[in-house]
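# one predicted model, sequence on top.
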Amino acid sequence: MGEVLVASQAALAEEGRKVVSVDGVEIGIFLVGTEIVAWLNHCPHQGGPVCQGRLMKAVEERLDDDKKSLGIHYKEGSLNIVCPWHGFEFDVRTGKYAGASSLKLKSVPVSIRDGGVYVRV
């Protein structure tokens, strides 16, 4: 199909995320810092609308030297998207699921040109 204009760069900068449909294919576009990434809006776990999930920092459990829990905290510098169906968390920058390397979001090529955000489907 080629590249399709899906948003203005200014609108994406204001919203931080946009979910669009291109020929029946739903795509989530995210502005993370200065980087723009795009993923199919399809959770690899059971097909949920992952790109519509909550954005939050990754949760980690801190352990002491004896491997005893010191409690959980939010990891600075991280950003995960949480699938609304079953709570699977994916790194927005990489699409990876920390719980299993076999689960990863499917990327969509995205580019910026002349103030517009384009995806290739």
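Happy to help now that I have it. Residues are numbered from 1 along each chain as shown.
# from now on I want contacts and neighbour counts done on CA atoms only, so please keep to that.
Fine.
# helix, strand, or coil at residue 13?
Following DSSP: H, G, I helix; E, B strand; the rest coil, we place residue 13 in the helix state.
# low-scoring stretches of the chain, by residue?
In the predicted model, the chain carries pLDDT under 70 at residues 1.
# quick check, central residue of it?
When CA atoms, centre = their mean is applied to the chain, the residue found nearest the centroid is residue 92 (3.2 Å).
# is the residue lying closest to that one once chain neighbours are set aside bridged to anything, and to what?
Nearest residue to residue 92, sequence neighbours excluded (CA to CA, 6 or more residues apart in numbering): residue 80, at 5.3 Å. For residue 80, the beta-bridge partners under DSSP bridges are residue 56, residue 91.
# which residues sit against the lengthiest strand in the chain?
For the chain, the strand that runs over the most residues, judged by DSSP state E, is strand 25-32. Strand 25-32 is contacted from outside by 12-13, 16-21, 36-42, 51-52, 92-93, 108, using CA atoms under 8 Å, 6 or more residues apart in numbering.
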